[in-house]
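Asks: predicted model and sequence follow; I will ask about them next.
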Amino acid sequence: MKRITLLLLSCVIVATVIAQNRISGGLSLGANYSKLSTDDNANIDWKWRWGPVGGIYLNFPIGSTVSIMPSLLYSKMGTNYDYTDPLTNTKTKWAQDLGYLSIPVALKINAGKSLGFLVGPQVDFLVGAHSKDLTNDTKTKNESDFKQTDFALTGGLIIMPNSPVSFTLRYIHGLSDIREAASNTQTLTGAFHNRGIQGTLNFRLFGGEKKTVAVTTPVVPPVVEQPVDLCTIDTDKDGVMDCNDKCVSVPGVAKYNGCPIPDSDNDGINDENDKCPTVPGVERYQGCPIPDSDNDGVNDEEDNCPKLAGPASNHGCPLVDQSTQSKVDMMTKNISWTTSRGYNLSTKSNKSLDQIASMLTADPNLKVTIAAHTDNVGSDADNKTLSQSRADAVKAYLVSKGVNESQITATGYGEEQPVADNNTSTGRAKNNRIEIKLSY
């Protein structure tokens, strides 16, 4: 029923266009940069996602500078997200695609020949939805997890609004909770709202022409002006007379012939105070860019490892080789205690801990996180104390083998993070564990 209504609406609009020659319209093509906003899902890291957009638009003038600009667009929204399992700490990467038939109705206000402003409501009708497991490369249709209609507010800019080709940049702020209340989705909970930035090129195919009006200009006799002594005038009141002022209408200084002190890189810091006058920078670095000591593309203010090159996805720190971490995981399984409820290391642990110590002393930049866990036998407080004592015992052993204490973090979690059923002996054995993770 909704699609039939939209089709009828499109026919009425096209008929109106044909009947009135002041109306213009054409095609819009571009892209969305969108994500889902939610008040829940503490274990999910939401990310922005690109998607295509395209359709038709119309422009109904209602004055010399104001018009109504409705559009009918196919718009792909959605989001990327990383989900971390709270029990196993396993991370998977997902993508959610949402295809909409969108109808924004914008009030367009021209601010001149080059710029206009857009603001208005938007209604979106869901025409498709897919959930993608990027880790395992699988795809599932999940339209039933989302409501069929979304209402939003939109606003933005249109560049060259009266030209045959214009560019629109809009922000879309969804007002509706689009998640279906009866959804069986277990990973995604809470209220969801669409958020997006949309950019489109608009190609005018008809209308918009202005009638040419012949204007007769009366002949005005020339006026003979008296010569003016520019050395008696200071138009910009900067103390430099117009005859010597190369920037007559802009206040400047005599040193630069009446022009302002230059800012060659246009960073807001004039060249006399800029230590990097040809490269845009910031004031706190005296006009130079924020440094990137390790040249990894992540500046030092955002780099957790400013002296070690690493990707931005890992906050500028190097990635630990997974094979090396796997070896450490195997070594960790050999750590044991003299008694089942004690915290004195058995001699069986020495060989594995010696190997881990060698890795840390060989690379002083490498860090290690020691996490000790217990089963639920005994009180919470006793288990917390026992696990912390075990974590400290492992740390003390590594320090005794020459590892710098600043490379080690040791934490006891007690029975807070079980990985198996504490009601069985096998489960309790799995929960009594030490985890050692490498990082930079």
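Replies: Good, I have the coordinates.

Asks: pLDDT score for residue 89?
Replies: Residue 89 carries a pLDDT score of 79 in this model.

Asks: equivalent analysis for residue 43, please.
Replies: For residue 43, the model assigns a pLDDT of 68.

Asks: residue 14 too?
Replies: pLDDT, read off for residue 14, is 48.

Asks: what's the next secondary structure element after the lengthiest helix in the chain?
Replies: Ranked by residue count, the top helix of the chain under DSSP state H comes out as helix 380-400. Reading on from helix 380-400 to the C-terminus, the next helix or strand found by DSSP states H and E is strand 408-414.

Asks: buried sites along that following strand?
Replies: Buried residues in strand 408-414, defined by neighbour count with 16 or more other Cβ atoms under 10 Å: 408, 410, 412, 413, 414. From N, CA and C alone the C-beta is placed, and that goes for glycine too.

Asks: got it, and stretch 295-306?
Replies: Neighbour-count burial for stretch 295-306, counted by 16+ other Cβ under 10 Å, picks out 296, 298, 303, 305, 306.

Asks: show me the contact partners of that stretch.
Replies: For stretch 295-306, contacts defined as Cβ atoms under 8 Å, 6 or more residues apart in numbering pick out 289-294, 309-312, 315-318, 365, 440.

Asks: ranking the residues you listed by neighbours, who comes first?
Replies: Among those, the one with the most neighbours (other Cβ atoms under 10 Å) is residue 316, at 25 neighbours.

Asks: quick one, phi/psi of the most centrally placed residue in the chain?
Replies: Nearest to the geometric centre of the chain sits residue 48, at 5.5 Å (Cα atoms, centre = their mean). With angles defined as degrees, to the nearest 10, residue 48 sits at phi -80, psi 160.

Asks: and the gap between it and residue 132?
Replies: Distance from residue 48 to residue 132, counting by Cβ to Cβ, to the nearest Å: 15 Å.

Asks: show me where the stretch 101-250 of the chain has its strands.
Replies: Assignment of strands within the stretch 101-250 of the chain using DSSP state E, counting those that start in this stretch yields the ranges 115-133, 138-141, 149-159, 165-174, 192-206.

Asks: I'd like to check the angle between the last one and strand 115-133, please.
Replies: Spelled out, it's strand 192-206. Using axes from the mean of the first three to the mean of the last three Cα atoms, to 10 degrees, the inter-axis angle of strand 192-206 relative to strand 115-133 is 130 degrees.

Asks: how about the CA coordinates for strand 192-206, as CSV?
Replies: Extracted in CSV, the C-alpha atoms of strand 192-206 (Å, rounded to 0.1, in the frame of the first residue of the first chain):
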residue,chain,number,x,y,z
PHE,A,192,18.2,2.5,17.6
HIS,A,193,18.2,5.8,15.6
ASN,A,194,19.6,6.4,12.1
ARG,A,195,22.3,9.1,11.8
GLY,A,196,23.8,10.0,8.4
ILE,A,197,25.7,12.5,6.3
GLN,A,198,24.6,12.6,2.7
GLY,A,199,26.3,14.2,-0.3
THR,A,200,24.8,14.3,-3.8
LEU,A,201,25.5,15.8,-7.2
ASN,A,202,22.3,17.2,-8.6
PHE,A,203,21.9,17.3,-12.4
ARG,A,204,19.0,19.6,-13.6
LEU,A,205,17.2,18.1,-16.6
PHE,A,206,14.4,20.6,-17.1
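
Asks: quick one: buried residues of that strand?
Replies: The neighbour-count check on strand 192-206 (16+ other Cβ under 10 Å) flags 192, 193, 194, 195, 196, 198, 200, 202, 204 as buried.

Asks: nearest to residue 236, of these?
Replies: Nearest to residue 236 among the buried residues of strand 192-206 is residue 202, at 40.9 Å by Cβ to Cβ.

Asks: since that was my last question, I'll sign off now.
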